[in-house]
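> Okay, here's the prediction I keep looking at, along with the sequence it came from:
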Amino acid sequence: MSGTTGDKLELILDAAYELFGLDGFYETKISDIAHRAGIAKGTVYLYFKSKEELCLAVTRRDCEYFLEKLQDALQHCRQLADKLHVIAAHHTTYHFERRKYTKLVFRAPNNDPELMEYMRNFIFRYMDIVQQVLIEANVQQPRWCAESYIGMLDRVKMDIMFNPEFTEQELHERTSFVAGLFLEGCTQQINKQDQLAGQRSQEGESE
């Protein structure tokens, strides 16, 4: 990703992403990042006071990109089925494309309160996007459903991260399966609510 030309901040973030992802936060030195970025070590400290601050910036850039691309993709969808498939494909494909950088997740500085707070807010924002999709489709208990859907997708994500033989074909098959399974449950729930509403309407007319 990185090289000797281009914006220095982006070069630093690209290099840090690669090294944190491949080697882990604690194993990576600022000097390693500077070397990968093709700049002097002191230049890194012009942008970031510490390795923790740099890791937060890398994580923030990655997560904001994730949310931005998801919202852009959802704007082109009208039906619940299409939106659920977009969410599922975005979630699983994003991690499939970054599967060799898993140590960015599993070897992150978990004692950094600022990073933990950011990740907590990111999860809530992601949940809000999925929840809004379900609210617009009149799905009952949208928050619980959003949590369940993301949980199902995270299970696929874990397989992607821990199974080096996970193929692109499996990615598409598992993504479609989860989206279809969840949609079936939502459709049944919506139909049930419509039936109950119809019964209440008939009872009201009979009175």
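On my side now, so go ahead. Numbering: from 1, shown residues only.

> How is this protein partitioned into domains?
1-49, 62-206 (automatic domain parsing).

> and among those, the most buried is which?
Ranked by mean neighbour count, the domains of the chain are led by domain 1-49 with a mean of 17 (mean count of other C-beta atoms under 10 Å). C-beta: built from backbone N, CA, C; applies to glycine.

> what's the offset of that one from the middle of its chain?
How far domain 1-49 lies from its chain's middle: 23 Å, per C-alpha atoms, centre = their mean, to the nearest Å.

> export the domains of the chain to JSON lines and tack on distance to Cys55 and mean pLDDT?
Conversion of these to JSON lines gives the following (distance: least, C-beta to C-beta, whole Å; pLDDT from 0 to 100):
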{"stretch": "domain 1-49", "distance to Cys55": "6", "mean pLDDT": "89"}
{"stretch": "domain 62-206", "distance to Cys55": "6", "mean pLDDT": "89"}
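
> Run through the helices of this structure in chain order.
8-23, 30-37, 41-47, 51-74, 80-97, 103-106, 113-136, 142-162, 168-206 (DSSP state H).

> on that earlier part again, between the domains of the chain, which gets nearest to Leu56?
domain 62-206 (5.0 Å; C-beta to C-beta).

> what separates the residue lying closest to Val130 once chain neighbours are set aside from Ile129, distance-wise?
In space, and not counting its chain neighbours, Val130 is closest to Ala146: 4.1 Å by C-beta to C-beta, 6 or more residues apart in numbering. Separation of Ala146 from Ile129 (C-beta to C-beta, to the nearest Å) stands at 8 Å.

> Could you pull up the residues touching Glu68?
For Glu68, the contact set (C-beta atoms under 8 Å, 6 or more residues apart in numbering) is empty.

> next one: Thr92
By C-beta under 8 Å, 6+ apart, Thr92 lies in contact with 153, 156-157, 160, 171, 174-175.

> and with 10 Å instead?
153-154, 156-157, 159-160, 170-172, 174-175, 178-179 (C-beta atoms under 10 Å, 6 or more residues apart in numbering).
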